[in-house]
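Peer 1: need the 3D shape of this:
(chains A and B)
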Amino acid sequence: MSRVEVLWSPTEDNTFITYGSAINLYQVDGPENSHFSKHPESSLKVADQKYAVHCATNSEIHFIKCAAWYPKPEPKNLLAVGQANGRVVLTSFGDPGDDELIGKEFVPRHSRQCNYLAWNPVESNFLAEGLEKFRNDSCVVIWDVNMSHSISETSERSRYSSSEHGSITRPYAEIGAQDTSSSFAWFDGRNFVCGMNNRYLRLYDLRDPAKPRLSTQHRTVYGVCVDNQNSHRLASFGESQVAVWDTRSFDRPVFTLQEAKPVSKISWCLTRSGVLTVMCKDSPILRLYDIRHAVIGCDDIEPVIIDRNIQPCGEHVMSSFAWHPKDENRLLAAAGPSCIKDIVVFERIPVAWSPNSSLTWANGKRTMSCVDSGQLNAQDISTRMRHRALSGYGMQCEDMQANAIVVADEPNLLALWKWISLVRQPQFQRPNQQGKRGAVYNMGIKQILKFYNEQSNPMVSELAYVNWQATEGVTFAIKHQYRSAERSLALSLCGWVQDTHPDFNNHLNALVDNGEEEKAAAIAIFFLKMKKALEILSASATTDNGKLNLNAVAMALAGYNENSNHLWRQTCASQRSQLADPYLRAIFGFLASDSDYYEDVLNEEGLSVEDRVAFALTYLPDTQLRDRINRLADDLVCKGDLDGMLLTGMSNEGVDLLECYVDRTSDVQTAAVTAVFSGTAQTMSDERVTTWINSYRTLLDQWALWHERCKFDIVSQSCEPSVPHPPQVYINCNFCGKSITSNRTSFRLADRFMQLNPFSRSPQQQRQKITCCPSCRKALPRCAVCLGTLGTASAFSANVEQPTLKSGQQKLTLLQDWFAWCQTCRHGGHAAHLTDWFRDHCDCPVTGCMCKCMTIDSTDVHPASS
Amino acid sequence: MFVAKSIAVDHKDLIHDVSYDFHGRRMATCSSDQTVKVWEQGDDGTWHCTASWKTHSGSVWRVTWAHPEFGQVLATCSFDRTAAVWEKEAGQNHWLKRTSLVDSRTSVTDVKFAPKHMGLQLATSSADGIIRIYEAVDVMNLSNWSLQHEFNCHMGCSCLTWNTSRVHPPLIAMGSDDPNPSGGPKVKLYEYSEVQRKWNKVEALSVVSDAVHDIQFAPNVGRSYHLLAVASKELYIFSLKPYRKDPASNPQGNKFEIRQAGMFDCHDSQVWRVSWNVIGTILVSSGADGCVRMWKANYLGNWKCISELKGDGTPGEGHAAVAQNNQPPGTLAANGSMGANNNSSSSNAIRPPVPMNLKRNTGWPWMDIKKDSFKLFY
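Peer 2: As a prediction, this is how the structure comes out:
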């Protein structure tokens, strides 16, 4: 395969050439671009979403050895091409136009191979050419392309026999007689370095090309290149060795890198400092060395070189590569005429999540910030928790169901909230052992049935024989139910109303109104009210078109009788599974069951936990009931299913359950809120519970939801009222040193004279203004702004516009009247006056006080999120 | 799906780290151009650079924020063998160098503040394998840091992370970028023993044998296990569940029941960075393929890629389509699924950490009323 070299345009972002036998111009574009649709056959896929569109070919020049792209944008696409005979041609694509540079030729004295071409990046009229050795001729020739050939023609034609018509033969400068030159690089407009004679690296100044400024002897004379990010740094290679040089200490390389294979090309990354790219012969791998952290001039520490291998063209052997001059880390790699890749070598991308669920990462020198659009993260518990907190979840301790409304779209939490609110009904309050705490809302079914401390006082249930209440004239066998006070209580915790209760029918009607006809019918059946069940089903079947099959169900139910033959039961059993509604399945399971064997109902997973438990509470004898409930509770605890809180209550087992729930969902919010609402002294001391509460508070703080955090603290405090929160600050009288608010006696005294305590609940109208210490009657300090004694209302409070509050929302005290003072100089006054003052000043308002109160101690407070 | 906005950062060289403060309203970036920039989010959500200054005389590897309780404090570490602590001058957008920690003899590769409940402590890791724990002697005067502990990991450290749990003893995980795959485990866990007053190695994750580039503990919000993400040749997610003290349940004397919750060979060759979201439910990773991927666990604790973005901000080829879940069957310690845990009283048995430092008023003004009310107010 012919060798292919690639070159980026120095001026245009998406243009490159390939040269080998001919020069081809390509333009990189996205697939949507019109170029691609016009010429799909001439396009190369260079990246996932990029195509190189073939724009032009220049095949006029033969024996191309090297090419260099003119560094200025005009004339467009001007190339210098070096040929095997040393001739340099300036060429372009398509119509040559009228630019005088295009078509110029430069011919050395004697024909020999051209090794390289290099445009001066600053003074772009200079073009350096490197040549093989020929007698006494110079090996490095620097041409001035602006030199008019008429001069050279007239004066030099006679001298150089090999010159042709129109070609320029007199160079601007010549260097290195009797040598051969293998590589060359410009530092800037003046200085350059070249590798000569297979032995020397020499630095020259263009103003004095006669002798080298610096010279060193080393084998690595090929591919010399200058790091454009650091003009002291050079790299060169020879055989399988790569050397990195510093021009400030040029006698030996800074360090060398040994490759396994002979090196064929090296290059510095043009956009990154200190990244050296090395390509070896017959290798598909490009090695990238980050040598920036190689310690220079420090012998005791090994150079830190981070290397990285990339394979841009898969398994194909690389033939050439070129770094993009502007786009960061963009690399064009070629493994053949048809295998060209335009890739970006990615650096380490640091990523970070913000607490507010937005993501930021840096890409090279740029930073991207990704604000999620919520689609993905709305499902994540972190955003949901934040949303819930903003909606007041877990902060409404009067009306528990209001908390549930916030999470109405999360069915797994509804059962929990139903339990939390039900357990607050007075019949579940247990006389408290400690006597100190008020209400305890931790009762679960297992506590009610005394499963946790069964030895002392086990539950004893009595057996009741209950008849079916069906149509007249039909008698069914008696069913066995079990009753006890505990069971009744537990039933009501499950949300069931017993048939003996006057509200039974209302309860069923409420369910029907709720659209839960099947559940109502099932409960009626479970309480052996066949007639009621039939009424419910047929009534709903007539009213609601959507549930047509209920009529058929009613019909099937009506066919039930106690002596029902085997066929009815068999049909029931086989058809039951076809029913979509779990409650209907439970009904038939119940009816088809043999006496006292209710596994079909109890194992009906579609029934909610509370209904299954309630059923068990009605029909299972004590030991079976305990087994059943313990098994169910264990299962739910393992799964971390919040439905199980109904069974366990807020016991140790309940904490275990919550722990599993947190492990599974990370929903620490619900765990913390549950613990606060239904915790006991025992569970509140559990380390896990305190962790949840603290984590949740930290989260709220992190989201700057401070008001929500405070509300949550208030709720937790109200649920744990035993320890009052001590005040954070006391104010002492300047003279007698007694606190003016702290102790009760002075409080009472103060009440007589003054209303200082801003937390006082007495209405403002009744407050007396007092301006002295309650114990020694010395005056309180004066406000530094209005010079009124503190304790009086600030004078211009009336000027401050107050939002008109509805009656009942009237604030008891106004913040503007409060004491405020600088923590450093201890000067202070009315809060309103001070805020007013510090709006325009940063110094203390007190004469002679140098304190910069406003700048001191500013702690960059964020506003609260809302 | 995602709107990626570009921020004109204007660093002169490669950015090595991006870090958010506690509230997510400030951001710090550090770069090879030896500077750190601090960014503040405006009310309209745009980021403004409020400070930019030269911090070191070498590439700045990492930048990290202290908890705002200690003020506006940053720590940086650099190739110039130092770590530095910076504090914002009150009222001005000017950052002052409070101290330079010069103990390391090699490049300081990572710096991390300890969780808040441990007070103002700082851990640094260096390329010669030494982890140092510093503590601010006086939180009001950040120029005085004392080197509390120093331990050698016996291989070059590239990254470290603190466990954030309050109820467990302090725990640090470190990763090594030693390229030799046969050089032993590249992730080690060190735990602080209050009794011995020293850091002891408690675990080494032998599964990870390739160079580790980044490591991070998920914020522990009260889960009974810790999640650790490791960026190596593959992306690893480990779940570490502390054993109970009871020796019967733990005959080997291990500290943790370690489970490999996920291993993904996704980013072509190397995973560079990992980061957890605020409660440790979503992990984001970046790798050599220039992609940023997000990972999330499903109900059963299986981690899956849920979305992919290109590093330049364009969406990846297929969101969620790349969920190649090569969940390995091999777990380090046989265990059921994460959720199934019926001896969950385990964490009861773990002794709470003894207060290390009385001046930390954690959770002020309310944390645990009974325990702390006398400590806090006097």
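
Peer 1: now stretch B:8-23: mean pLDDT?
Peer 2: Mean pLDDT, taken over the full extent of stretch B:8-23, equals 88.

Peer 1: host element of the closest residue to chain B within the stretch 51-200 of chain A?
Peer 2: Among the residues of the stretch 51-200 of chain A, A:Tyr51 lies closest to chain B, at 16.4 Å counting by CB to the nearest CB. For every residue, glycine as well, the C-beta is placed using N, CA and C. Secondary-structure element containing A:Tyr51, defined by DSSP states H and E: strand A:50-58.

Peer 1: in its sheet, what does the following helix or strand past that strand sit against?
Peer 2: Per DSSP H and E, the first helix or strand lying C-terminal to strand A:50-58 is strand A:64-69. Pairing partners of strand A:64-69, with direction, according to DSSP bridges: strand A:79-83 (antiparallel).

Peer 1: list the buried ones in the helix ranked longest in chain A?
Peer 2: With secondary structure taken from DSSP state H, chain A has its longest helix at helix A:622-639. Within helix A:622-639, the residues that qualify as buried are A:625-626, A:628-629, A:632-634, A:636-639, counting by 16 or more other CB atoms under 10 Å in any protein chain shown.

Peer 1: check whether it comes near chain B.
Peer 2: Yes - Helix A:622-639 lies within reach of chain B by CB under 8 Å from any CB of the partner chain, at A:634, A:637-639.

Peer 1: next, residue 89: phi, psi?
Peer 2: Picking chain A for this. According to degrees, to the nearest 10, the main-chain angles of A:Val89 amount to phi -120, psi 130.

Peer 1: least trustworthy helix or strand in the chain by mean pLDDT?
Peer 2: Let's take chain A. helix A:744-753 (a mean of 42; mean pLDDT, DSSP states H and E).

Peer 1: my question was about chain B, not that one.
Peer 2: Ranked by mean pLDDT, DSSP H and E, the helix or strand of chain B with the weakest confidence is helix B:346-349, at a mean of 36.

Peer 1: want to throw the buried residues of helix A:622-639 into JSON lines with pLDDT?
Peer 2: Formatted as JSON lines, the buried residues of helix A:622-639 follow (pLDDT from 0 to 100):
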{"residue": "A:Leu625", "pLDDT": "86"}
{"residue": "A:Arg626", "pLDDT": "86"}
{"residue": "A:Arg628", "pLDDT": "88"}
{"residue": "A:Ile629", "pLDDT": "88"}
{"residue": "A:Leu632", "pLDDT": "90"}
{"residue": "A:Ala633", "pLDDT": "90"}
{"residue": "A:Asp634", "pLDDT": "90"}
{"residue": "A:Leu636", "pLDDT": "89"}
{"residue": "A:Val637", "pLDDT": "90"}
{"residue": "A:Cys638", "pLDDT": "89"}
{"residue": "A:Lys639", "pLDDT": "86"}
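
Peer 1: tell me which of these is nearest to chain B?
Peer 2: Nearest to chain B among these, with distances taken as CB to the nearest CB, is A:Cys638, at 5.2 Å.

Peer 1: my guess is that closest one meets A:Asp663, correct?
Peer 2: No - the pair formed by A:Cys638 and A:Asp663 falls short of the contact definition of CB atoms under 8 Å, at 10.9 Å.

Peer 1: distance between the helix or strand just after the longest helix of chain A and the chain's centre?
Peer 2: Remark: after helix A:622-639, the chain's next helix or strand is helix A:645-648, criterion DSSP H and E. With CA atoms, centre = their mean, to the nearest Å as the basis, the distance from the averaged C-alpha position of helix A:645-648 to the chain average is 36 Å.

Peer 1: before we move on, the earlier item: what strands line up against the helix or strand following the least confident helix or strand of chain A, and which way round?
Peer 2: Downstream of helix A:744-753, the first helix or strand assigned by DSSP H and E is strand A:819-821. Strand A:819-821 has the following sheet partners, assigned by DSSP bridges: strand A:828-830 (antiparallel).

Peer 1: tell me the SS of the residue nearest the centre of chain B?
Peer 2: Within chain B, one residue has its C-alpha closest to the average C-alpha position: by CA atoms, centre = their mean, that is B:Thr161, at 3.5 Å. Of the three states, B:Thr161 takes strand under DSSP: H, G, I helix; E, B strand; the rest coil.

Peer 1: ends of stretch B:225-241, how far apart?
Peer 2: 4 Å (CA to CA, to the nearest Å).

Peer 1: quick one: buried residues of that stretch?
Peer 2: Applying a neighbour-count criterion of 16+ other CB under 10 Å, the buried positions in stretch B:225-241 are B:225-241.

Peer 1: low pLDDT regions in chain B?
Peer 2: Residues of chain B that meet the criterion pLDDT under 70 lie in B:1-3, B:244-253, B:267, B:313-378.

Peer 1: which strand of it spans the most residues?
Peer 2: The residue-count maximum for a strand in chain B (DSSP state E) belongs to strand B:141-152.

Peer 1: next, the buried residues of it.
Peer 2: Under the neighbour-count rule (16+ other CB under 10 Å), strand B:141-152 has B:142, B:145, B:149, B:151 buried.

Peer 1: which one of those residues sits closest to chain A?
Peer 2: Distance to chain A across those (CB to the nearest CB) is lowest for B:Leu142, with 14.2 Å.

Peer 1: what residues does the stretch 1-150 of chain A put near chain B?
Peer 2: Contact residues (CB under 8 Å from any CB) of the stretch 1-150 of chain A with chain B: A:Asp48.

Peer 1: and whichever residue of the stretch 1-150 of chain A sits closest to chain B, how many residues sit next to it?
Peer 2: Minimum separation of the stretch 1-150 of chain A from chain B (CB to the nearest CB) falls at A:Asp48, amounting to 7.1 Å. The tally of other residues near A:Asp48 (other CB atoms under 10 Å in any protein chain shown) stands at 9.

Peer 1: okay, it: pLDDT?
Peer 2: Model confidence at A:Asp48, expressed as pLDDT, equals 74.

Peer 1: and what of the one 5 residues further on?
Peer 2: Predicted confidence (pLDDT) for A:Val53: 83.

Peer 1: give the bridge partners for it, please.
Peer 2: Residues in a beta bridge with A:Val53, per DSSP bridges, are A:Gln27, A:Ser43.

Peer 1: ok, A:Asp205 to chain B distance?
Peer 2: Distance of A:Asp205 to chain B, given as CB to the nearest CB, to the nearest Å: 29 Å.

Peer 1: where do the helices sit along chain B?
Peer 2: In chain B, the segments counted as helices under DSSP H are B:346-349, B:369-376.

Peer 1: can you list the residues of the stretch 151-300 of chain B near chain A?
Peer 2: Residues of the stretch 151-300 of chain B found near chain A (CB under 8 Å from any CB) are B:165-167, B:213, B:220-225, B:272-282, B:284-290, B:292, B:294, B:296, B:299.

Peer 1: out of the residues you listed, which sit inside strands?
Peer 2: Where those overlap with strands, as defined by DSSP E, the overlap consists of B:272-276, B:282, B:284-287, B:292, B:294, B:296.

Peer 1: what is the neighbour count of B:Gln196?
Peer 2: If you count neighbours by other CB under 10 Å, B:Gln196 ends up with 8.

Peer 1: same list, the buried residues of strand B:141-152, but as JSON lines with distance to B:Asp268 please.
Peer 2: Rendered in JSON lines, the data for the buried residues of strand B:141-152 read as follows (distance: CB to CB, whole Å):
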{"residue": "B:Leu142", "distance to B:Asp268": "42"}
{"residue": "B:Trp145", "distance to B:Asp268": "41"}
{"residue": "B:His149", "distance to B:Asp268": "38"}
{"residue": "B:Phe151", "distance to B:Asp268": "35"}
